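Trainee: Pasting the sequence and the predicted model now:
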Amino acid sequence: MKYKAYLIEQTDDQFNGSVKELDKPAIEAGHLIISVHYSSLNYKDALASTGVKGVAKAYPFVPGIDVVGTVLESADERFSEGDNVVATGYKIGMAVHGGFGEIVHLPADWVLHLPENMEMFDAMSIGTAGITAAACVKKIIDSGVSNDLPVLVSGATGGVGSVAVNILSKLGYEVHAITGKTDEDKTLLNMGATEIIQRSDYMAEPARALDKAIYSGAVDTVGGDMLAKMISMISNEGAISCCGNVGGMKFTSSVFPFILRGVSLIGIDSAESPIELKKELWRLLSSEWQLDLKSQTKEINLDTIGEEVNKILQGQQVGRIVIKHGA
Ligand SMILES: NC(=O)c1ccc[n+]([C@@H]2O[C@H](COP(=O)([O-])OP(=O)(O)OC[C@H]3O[C@@H](n4cnc5c(N)ncnc54)[C@H](OP(=O)(O)O)[C@@H]3O)[C@@H](O)[C@H]2O)c1
C-alpha cells in the first residue's frame, strides 16, 4: 500500500520538500500503524524541513512532530484497530517519519487515546505548541504563581505563546502579551490578553539586575535577552517557564531575582516529557482548560506546507497551522 507524504530530500547542502508516494511500513512488535487525519506545524518542523542540524536524524525524511488519527494496525494490547489516537514529540518527525505523511509507524508507548470529547482537528490546533504552552502554565501554577499581579507571555502571537495567552486568560490571570507584530493587537485581545506590549518598547532598555517586580509569573518562548529582562521583573516567589529560543540561545542574568526574590526559572521539554504528564495535559485541555482555537487556526494541506514553513522561520506565523490529510 502506498501513502502520500511531504518528503524532504537533500541534494548537496540544499533541502527541498515535495509531496511523494511512499510504501506503508510493516508493523513491528509494540508498535502501531496509524492513519493520520491531521498533523500540525511547529517551529521544530520548520527546522527539520529546511535541514537545520540536530533535528531530523537523516534525509530523505518526513517531518511532523504531531499526529492525530486512527489505528490501522496494532501490535500492542493497549490499542485496537479503529481507536482514535494522538501523539506528540518523542522522536516523531525527528528519527521516525512524522505526521506530514498519511501513515505513521510509532511505538505504542508514545501514543495516547484521544480524549473522547475532543475532535481531531481541535487536538491538532493544540498540538505540540499547545501541549508545551499547557506544560508552561501548569508548572508556574504548580509552583504557586498568584493572580495578584499580571502574567507575562513572550512571542505571544506564535504557536506556543498564543495558546499560553488563551489558557492563562481562561484561568483568570491578567495576561500581558509581548509581540513583535504591530498589527495583531486585536488578535491578542481576542485570545484574552489584557495588555499588548511591543517587543521594541519592551527591549528598549537593557535588562537590569533587578527591575520593578510587576509580574507574578511568565511564559517565555523567546529566550536570549528577552528572557533575561523577564526574569528581572518577576515578583517575590514568582516563576517563569522557559521553553523556546527564537530570540537567542544565550542570556546573561543576575543572581538577584533568585536570591532576593526567590524567583524560579522552570525549564520545559515537552517532547521528552513522561507520557503520564502528556496524558494529564490532554485531560486538562479536554476539560477545565478546554479552548476553542478554531478562529486562531489555519487549515492547510500537504501542497502548501512550504509557504507556512517560510513564514514560521521569519517569525511571521500567527496562531496555529493544522495540516489535513486526504481530499
Ligand atoms: N521546550 C519545548 O518543549 C518546546 C516545544 C515547542 C516549541 N518550543 C520552542 O518554542 C519556541 C516557539 O515555538 P512556536 O512553535 O511557538 O514558534 P512560532 O509559532 O514561530 O512562534 C514564535 C514567536 O516568537 C516571536 N519571535 C519570532 N522571532 C523572534 C525574535 N527574533 N525575537 C523575539 N521574538 C521572536 C514571534 O511572535 P511575536 O511576533 O508575537 O513576538 C513568533 O511568532 C521555539 O523556539 C520552539 O523551538 C519548545
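Mentor: Thanks, I have the structure now. Numbers count the residues shown, from 1 in each chain.

Trainee: what's the neighbour count on the residue lying closest to Met233 once chain neighbours are set aside?
Mentor: On the basis of Cβ to Cβ, 6 or more residues apart in numbering, the spatially nearest residue to Met233 that is not a chain neighbour turns out to be Asp211, at 4.7 Å. C-betas here are computed from N, CA, C, even on glycine. For Asp211, the neighbour count with other Cβ atoms under 10 Å is 16.

Trainee: list the contacts for the closest residue to Ser49 other than its chain neighbours?
Mentor: Excluding its sequence neighbours, the residue lying closest to Ser49 (Cβ to Cβ, 6+ apart) is Val309, at 4.8 Å. Contact analysis of Val309 by Cβ atoms under 8 Å, 6 or more residues apart in numbering lists 17, 41, 45-46, 49-50.

Trainee: Tell me the spacing between Val309 and Glu205.
Mentor: 34 Å (Cβ to Cβ, to the nearest Å).

Trainee: What of Gly158?
Mentor: Separation of Gly158 from Glu205 (Cβ to Cβ): 24 Å.

Trainee: from the contacts of Val309, which ones fall inside strands?
Mentor: Among those, the members falling in strands (DSSP state E) are 17, 41.

Trainee: May I see the contacts of Val309 organised as TSV, with neighbour count, distance to Lys250 and pLDDT added?
Mentor: Compiled in TSV, the contacts of Val309 are given as follows (neighbours: other Cβ atoms under 10 Å; distance: Cβ to Cβ, whole Å; pLDDT from 0 to 100):
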residue	neighbour count	distance to Lys250	pLDDT
Gly17	22	31	96
Leu41	31	27	97
Asp45	31	24	97
Ala46	21	21	97
Ser49	29	25	96
Thr50	19	22	95
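
Trainee: Going by distance to Ala58, which of the contacts of Val309 wins?
Mentor: Each of the contacts of Val309 was scored against Ala58 by Cβ to Cβ, and Ser49 proved nearest at 14.4 Å.

Trainee: wait, doesn't that closest one sit right on Ser18?
Mentor: No - between Ser49 and Ser18 there is no contact, the gap being 11.1 Å when judged by Cβ atoms under 8 Å.

Trainee: Give me the common contacts of those two.
Mentor: Going by Cβ under 8 Å, 6+ apart, residues that sit against Ser49 and also against Ser18 are Tyr6.

Trainee: And the next helix or strand past the strand or helix carrying Val67?
Mentor: Element membership for Val67 (DSSP states H and E) is strand 66-74. Tracing the chain past strand 66-74, the next element assigned as helix or strand by DSSP H and E is strand 84-88.

Trainee: Indicate each strand paired with the helix or strand just after that following strand and its parallel or antiparallel sense.
Mentor: Helices and strands here follow DSSP H and E; after strand 84-88, the next one along the chain is strand 103-107. Note on strand 103-107: by DSSP bridges, its sheet partners are strand 31-41 (antiparallel).

Trainee: So for stretch 59-68, mean pLDDT?
Mentor: Summarised as a single mean, pLDDT over stretch 59-68 is 97.

Trainee: Are it and the ligand in contact anywhere?
Mentor: No - no part of stretch 59-68 sits near the ligand under the criterion Cβ under 6 Å from any ligand atom; the closest distance found is 8.5 Å.

Trainee: Pull out the buried positions in that stretch.
Mentor: Along stretch 59-68, these residues count as buried under the neighbour rule (16 or more other Cβ atoms under 10 Å): 61-68.

Trainee: Which of the helices or strands spans the residue nearest to Ser49?
Mentor: For Val309, the host element (DSSP H and E) is helix 305-313.

Trainee: returning to that earlier point: distance of the residue nearest to Ser49 relative to the ligand?
Mentor: Taking Cβ to the nearest ligand atom, to the nearest Å as the measure, Val309 falls 10 Å from the ligand.

Trainee: which residues in the stretch 101-250 of the chain form helices?
Mentor: With DSSP state H, counting those that start in this stretch applied, the stretch 101-250 of the chain shows helices at 120-142, 159-170, 185-191, 199-202, 224-231, listed in chain order.

Trainee: Distance to the ligand added to the ones you listed, as TSV?
Mentor: Putting those into TSV (distance: least, Cβ to the nearest ligand atom, whole Å) gives the following:
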stretch	distance to the ligand
helix 120-142	4
helix 159-170	3
helix 185-191	8
helix 199-202	5
helix 224-231	6
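
Trainee: Show me what Thr11 bridges to in the sheet.
Mentor: In this structure, Thr11 bridges to Gln14 when assessed by DSSP bridges.

Trainee: wait, what's in contact with the residue in the chain positioned nearest to the ligand?
Mentor: Among all residues of the chain, Gly158 sits closest to the ligand, at 1.9 Å; criterion: Cβ to the nearest ligand atom. If you count contacts by Cβ under 8 Å, 6+ apart, Gly158 has them with 43, 129, 221, 246, 315, 317-318.

Trainee: any idea of the pLDDT on it?
Mentor: With respect to pLDDT, Gly158 has a value of 94.
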